[in-house]
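S.K.: here's a sequence, model it:
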Amino acid sequence: MNKHQKPVLTGQRFKTRKRDEKEKFEPTVFRDTLVQGLNEAGDDLEAVAKFLDSTGSRLDYRRYADTLFDILVAGSMLAPGGTRIDDGDKTKMTNHCVFSANEDHETIRNYAQVFNKLIRRYKYLEKAFEDEMKKALQPHLLSSFLKHGWQKKMPTLLPRL
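M.R.: Next up is the predicted model:
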């Protein structure tokens, strides 16, 4: 017996549902975009706050909240031990972070205002920020943070939030 092929409709595409389409989790791409924008913002913290506010619609802050606060606190992504992942590569680090800030009261207060603006604009970041601060206060991470003068900056930063 000779089998005949069934006719095929042309022009039909398989549609996938949006719930089935999952984006890849790429914190390094998020980091590169964020660090580049922060470095382009210059030394003005007001420009940094505007950049963070405007990129919140393009970048997924909800998904990459840990990476966001790692960068804003430490200047780069943090490894589980509390060390910077990209310590050698200056293009993947920013100087707009609490670790690199001057240790005077006014500068740290300005960083606290940037955090406040960001958390007020994106309310869902509040829980992630609390988790980041808890992580910073853990004993095994505290020793690495103390090298960056964190013990002088923390009392000024936390009450402002």
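S.K.: not counting sequence-adjacent ones, nearest residue to the spatially most central residue of the chain?
M.R.: Centroid check for the chain by CA atoms, centre = their mean gives residue 68 as the closest residue, at 1.0 Å. Residue nearest to residue 68 in three dimensions, not counting chain neighbours: residue 61, with 5.9 Å by CB to CB, 6 or more residues apart in numbering. All C-beta spots, glycine's among them, are computed from the backbone N, C-alpha and C.
S.K.: now swap in residue 71 and tell me
M.R.: residue 34 (5.7 Å).
S.K.: could you give the number of residues near the closest residue to residue 52 other than its chain neighbours?
M.R.: Take residue 52 and drop its neighbours on the chain: the residue closest to it by CB to CB, 6+ apart is residue 118, 5.4 Å away. Number of residues near residue 118 (other CB atoms under 10 Å) recorded here: 21.
S.K.: quick check, residue 67 in contact with residue 32.
M.R.: No: if you go by CB atoms under 8 Å, residue 67 and residue 32 don't touch, sitting 10.7 Å apart.
S.K.: how about residue 43, phi and psi?
M.R.: Torsion angles at residue 43 (phi, psi; degrees, to the nearest 10) stand at phi -90, psi 0.
S.K.: next one: residue 55
M.R.: phi -80, psi -10.
S.K.: over to residue 89?
M.R.: phi -100, psi 110.
S.K.: again, but for residue 78
M.R.: phi -110, psi 140.
S.K.: that one - how many residues pack around it?
M.R.: 24.
S.K.: you'd agree it is up against residue 93?
M.R.: No: at 11.6 Å, residue 78 and residue 93 do not qualify as touching, with contact defined as CB under 8 Å.
S.K.: okay, and the common contacts of the two?
M.R.: residue 84 (CB atoms under 8 Å, 6 or more residues apart in numbering).
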